[in-house]
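Undergrad: What would the 3D arrangement of this be:
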Amino acid sequence: MDAKIVIVGPKKSGKSYLADFLCDEVTSGEEREYYPTKGCRIVTFESNANKRSETLNIELWDISGDENYDNVWPAMSQGANGAIVVYDGTKPVDSAELTKWFKPFIKGAGIKAGQCAVFANNPSLDIHDIDYTDIEGPLGKASLFETDISTDPEGVRDAFNVLLKGVREAIVSKRDREEDNLLNS
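TA: Numbering: from 1, shown residues only. Prediction:
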């Protein structure tokens, strides 16, 4: 079973590091120099988080947060089965900033709340006065996770696996509907 998941959010929020971690290209706590993503970068890997289900072949689309690429965002969202919206968890959440990722990537791809997650990235950096539950607007229904690869790598994987469960269910449900339509036509 194939799944396309887009990772979107503002520049310098940790999207590429998250993508590299999820596909095992980096380990937790590994220091890296910042290099902005140019347009989009696709990494692929397999996941079998739910041992009773078939393996998911995942395409993780690490999409630049640079608004110079916004004219191609709708094309990048085509065929997406899931989305992760990442923001810098060391700063107060700006719902308007996060909502701008909703229309081209989530609404445009027909992604439902169970197929979408919001990652407040790096919340362990001694910031205690931020309310991570204060996301308003259309992303308010998505699952919100405080993620920090350096201090809780398994928590990041667990959050991703919650998303994968919703993505898998949506893919299976769509496949079942398509099969029923074929049989009933």
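
Undergrad: tell me which helix or strand of this structure sits lowest on mean pLDDT?
TA: Within the chain, no helix or strand scores below helix 95-99, which has a mean of 79 by mean pLDDT, DSSP states H and E.

Undergrad: Give me the buried positions along that helix.
TA: By neighbour count on 16 or more other C-beta atoms under 10 Å, the buried set for helix 95-99 is 98-99. For every residue, glycine as well, the C-beta is placed using N, CA and C.

Undergrad: go on, stretch 74-82?
TA: Quick answer for stretch 74-82 (16+ other C-beta under 10 Å): 76-77, 80-82.

Undergrad: host element of Ala75?
TA: helix 73-77 (DSSP states H and E).

Undergrad: Export the buried residues of stretch 74-82 to JSON lines and append columns for pLDDT and distance to Asp152.
TA: Below are the buried residues of stretch 74-82 laid out as JSON lines (pLDDT from 0 to 100; distance: C-beta to C-beta, whole Å):
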{"residue": "Met76", "pLDDT": "93", "distance to Asp152": "29"}
{"residue": "Ser77", "pLDDT": "92", "distance to Asp152": "29"}
{"residue": "Ala80", "pLDDT": "95", "distance to Asp152": "27"}
{"residue": "Asn81", "pLDDT": "95", "distance to Asp152": "26"}
{"residue": "Gly82", "pLDDT": "95", "distance to Asp152": "21"}
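
Undergrad: Please, where are all the helices along this protein?
TA: 15-22, 73-77, 95-99, 153-184 (DSSP state H).

Undergrad: helices or strands up against the first one?
TA: Counting contacts by 3 or more C-beta pairs under 8 Å, 6 or more residues apart in numbering; DSSP states H and E, the secondary-structure elements packed against helix 15-22 are strand 2-8, strand 40-47, strand 56-63, strand 82-88, helix 153-184.

Undergrad: nearest residue to Lys38 other than its sequence neighbours?
TA: Ser64 (6.5 Å; C-beta to C-beta, 6 or more residues apart in numbering).

Undergrad: got the phi/psi numbers for the one you found?
TA: Main-chain torsions, Ser64, degrees, to the nearest 10: phi -60, psi 140.

Undergrad: if I pick the residue lying closest to Pro10 once chain neighbours are set aside, what's in contact with it?
TA: Spatial nearest neighbour of Pro10, excluding adjacent residues (C-beta to C-beta, 6+ apart): Gly65 at 4.7 Å. Listed by C-beta atoms under 8 Å, 6 or more residues apart in numbering, the contact set of Gly65 reads 8-13, 15, 37.

Undergrad: Relative to the whole chain's centre, how far out is stretch 174-185?
TA: Distance of stretch 174-185 from the chain centroid (C-alpha atoms, centre = their mean, to the nearest Å) equals 28 Å.

Undergrad: now stretch 43-57
TA: Distance of stretch 43-57 from its chain centroid, counting by C-alpha atoms, centre = their mean, is 16 Å.
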